[in-house]
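Peer 1: Output the structure for:
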Amino acid sequence: MTAKPTNQETPRDEKLEAARARLAATGRNQPCFCGSGKKYKKCHLAEDEAAAMPGPEAPDPEEMVAEGWRLFEQRRPAAAEKKFRAALALKPDWGDALVAIGLARLRSGDEEGARKEFNQVLRVSEKLASELHASGAKDAFSRKEAQAYLRASHALGCLAFDQERYQDALVDLERVYAVDQGAVGTEARLIAGAALLKLKRPADAAQVLRVASESEAGAGRAAMSLGLAHFAAGERDAAQAAIHKALDANPHFATTLLSRLPARLTNLSAAAPGSREEAQGYAQTFGNAWDEAAKSFLKEIMADWSASARKASHAAVPPSE
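Peer 2: Predicted structure coming up:
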């Protein structure tokens, strides 16, 4: 014979419903349902109110990461990392949390700690990476599930480039632009092109940069670097054509490269295409690739482009009657 369950053995949902029913049906000053002879408020009211309260909601790792990014934007990387790690504890091997921790480590100046987290992202994304390559993806960053993988690969490439490990940078950056031809892939191609120029491989740089120069995202900056790659390869006509294309997109590129740069770094993500800020960001990032010979060539191109622009402007003005 099965024993009747006690209150302690009653499932929580049943206790909650029973407590809510009693609260709805019993006045505070009415006799308690238990038969004690006491008023409800002096007996089981507090217990029923506690039982009827909904239990605490489980922490949401997505909300934790969002809060972490708010702290990150406030330049509080240590506090942000705590939120990211709390989310990771609830959702182990989650790429979004891992890459966030890596970026927080990077903001704190811990490059080795950041690299460790980014490599963890690559480890947990192996299957996804294979699927992206097998499908011939060209817009991977538009897929939420792929963003952590691309961010980690891009960050590793930038770290390697800054440490002059150019061959390693190429491996990391190719992971990005092999599956994305949008803004993220274009940025990866720009840095890969600079790495190839550092490795004295201008023809390979031109091949990587040509695709980026045909993209809407960063096309002017890519055309500028493509012109440099052609010049380094001894292809002056191709260099001139690419630089003309870049100057048509943003006439500030040449003057900024040939002048002294402001000490404060430009926020490229906020720079509008065709703006002086975009040109300053390009020069701050890639200006050291333009040696004196390349700058002399750029001065020639600038003079030629300015003359062509003036002719085009005069031709556009209708003759006066």
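Peer 1: Residue 154 - nearest residue in space that isn't next to it in sequence?
Peer 2: Closest residue to residue 154 apart from its sequence neighbours, by C-beta to C-beta, 6 or more residues apart in numbering: residue 176 at 5.1 Å. Using the backbone N, CA and C atoms, a C-beta is placed for each residue, glycine as well.
Peer 1: where's the one you found, which helix or strand?
Peer 2: helix 166-177 (DSSP states H and E).
Peer 1: Give me the next element, helix or strand, following that helix.
Peer 2: By DSSP H and E, the next helix or strand past helix 166-177 is helix 183-198.
Peer 1: Can you give me the buried ones in that next one?
Peer 2: 184-198 (16 or more other C-beta atoms under 10 Å).
Peer 1: got it, and stretch 123-130?
Peer 2: In stretch 123-130, counting by 16+ other C-beta under 10 Å, buried: 124, 125, 128, 129.
Peer 1: Equivalent analysis for stretch 44-52, please.
Peer 2: Within stretch 44-52, judged by 16+ other C-beta under 10 Å, the buried ones are 44, 45, 48, 51, 52.
Peer 1: Pick the one among the residues you listed closest to residue 62.
Peer 2: residue 52 (28.8 Å; C-beta to C-beta).
Peer 1: ok, and the closest non-adjacent residue to the closest one?
Peer 2: Closest residue to residue 52 apart from its sequence neighbours, by C-beta to C-beta, 6+ apart: residue 19 at 4.3 Å.
Peer 1: If you tally nearby residues, what's the number for that neighbour?
Peer 2: 19 (other C-beta atoms under 10 Å).
Peer 1: Over to residue 88?
Peer 2: 21.
Peer 1: show me what contacts the closest residue to residue 220 other than its chain neighbours?
Peer 2: Of all residues not flanking residue 220 in the chain, residue 249 sits nearest, at 3.2 Å (C-beta to C-beta, 6+ apart). Residues near residue 249 by C-beta atoms under 8 Å, 6 or more residues apart in numbering: 219, 220, 223, 273, 274.
Peer 1: likewise residue 159?
Peer 2: 106, 111, 114, 115, 118.
Peer 1: so the third one makes contact with residue 105?
Peer 2: Yes - Residue 114 is within contact range of residue 105, at 4.0 Å (criterion: C-beta atoms under 8 Å).
Peer 1: State the distance from residue 140 to residue 27.
Peer 2: 63 Å (C-beta to C-beta, to the nearest Å).
Peer 1: Those two - which one has more neighbours?
Peer 2: Neighbour comparison, residue 140 and residue 27: the larger count goes to residue 140, with 26 against 10 (by other C-beta under 10 Å).
Peer 1: Around the closest residue to that one other than its chain neighbours, how many other residues sit close by?
Peer 2: Spatial nearest neighbour of residue 140, chain neighbours left out: residue 179 (4.0 Å); criterion: C-beta to C-beta, 6+ apart. A total of 25 residues lie near residue 179 under the criterion other C-beta under 10 Å.
Peer 1: Dihedrals phi and psi, residue 179?
Peer 2: Per-residue torsions, residue 179: phi -120, psi 0 (degrees, to the nearest 10).
Peer 1: can you pull the contacts of it?
Peer 2: Residue 179 neighbours (C-beta under 8 Å, 6+ apart): 132, 133, 137, 138, 140, 146, 150, 185.
Peer 1: from those residues, which two are the most distant?
Peer 2: 133 and 185 (13.7 Å).
Peer 1: Do you have the helices of the stretch 101-250 of the chain handy? List them.
Peer 2: With DSSP state H, counting those that start in this stretch as the criterion, the stretch 101-250 of the chain has helices at 111-124, 126-135, 144-162, 166-177, 183-198, 202-213, 219-232, 236-249.
Peer 1: Could you point out which of these sits nearest residue 296?
Peer 2: helix 219-232 (10.2 Å).
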